Every structure is written in structure tokens, then in C-alpha cells.
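Chemist: pasting the structure only:
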């Protein structure tokens with residue numbers, strides 16, 4: 001998943017749950033400034049920060065092994 005997709009997913013989920021940025025920041029323990037920078041694409045949050053936001057929003061972070069392209073197997 002690309003970083004832009006993570007930002008979009010978290011922002012859309014927050015809006016769907018009708019949670020404003022201030023409340024999400026309080027509930028997750030993430031600073032409001034950090035959250036605003038993240039959602040605007042200007043921040044560089046840690047995996048822990050993303051995990052805190054995702055947890056409050058009922059999202060799950062999942063890592064998968066990439067599939068090799070056919071030209072990479074040779």
C-alpha cells in the first residue's frame with residue numbers, strides 16, 4: 001500500500017465515523033498537529049503513530065510479502 005493510500009484510508013474512515021481531527025488526536029494519543037500534517041501529506045509519521053490512529057478507527061495494518069514479477073525470478 002502506498003503512503004498516499006494510507007493517508008486517504010485513515011482520513012476517509014475518520015470522516016465516515018464522523019470523528020473530527022481533534023477528537024481522533026485525543027482518543028489516539030497522537031498530537032493534533034501531527035495528525036493534521038499527516039492528513040495533509042506533509043508529515044512523516046512513524047508506524048506507531050499510524051497504528052494508534054488505525055486502532056481507534058477500527059482499522060488493521062497488515063504486511064504482505066510482495067509477489068515477484070516474472071522478470072525478477074530469473
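Modeler: Perfect, I can see it now. Being a predicted model, the structure only gives us computed values, none of them experimental. Numbering: from 1, shown residues only.

Chemist: Was I right to think residue 32 contacts residue 38?
Modeler: No. Applying CB atoms under 8 Å as the test, residue 32 and residue 38 come out as separate, 10.6 Å apart. For the C-beta atoms, the positions are set from N, CA and C on the backbone; glycine is no exception.

Chemist: Of those two, give the one with the bigger neighbour count.
Modeler: residue 38 (23 against 13; other CB atoms under 10 Å).

Chemist: SS state for that one?
Modeler: helix (DSSP: H, G, I helix; E, B strand; the rest coil).

Chemist: so who does it touch?
Modeler: For residue 38, the contacting residues are 7, 10, 45, 49-50, 53, by CB atoms under 8 Å, 6 or more residues apart in numbering.

Chemist: same thing but at 7 Å, please
Modeler: 7, 45 (CB atoms under 7 Å, 6 or more residues apart in numbering).

Chemist: gap between it and residue 64?
Modeler: Residue 38 sits at a distance of 23 Å from residue 64 (criterion: CB to CB, to the nearest Å).

Chemist: Helices of the protein, residue ranges please.
Modeler: Ranges of helices in the chain, per DSSP state H, are 3-16, 21-28, 32-39, 47-56.

Chemist: Arrange those in a markdown table, one row each, with distance to residue 69 and mean pLDDT as further columns.
Modeler: Output for those, formatted as a markdown table (distance: least, CB to CB, whole Å; pLDDT from 0 to 100):
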| stretch | distance to residue 69 | mean pLDDT |
| --- | --- | --- |
| helix 3-16 | 20 | 95 |
| helix 21-28 | 37 | 98 |
| helix 32-39 | 31 | 96 |
| helix 47-56 | 26 | 97 |
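
Chemist: Noted, bye for now.
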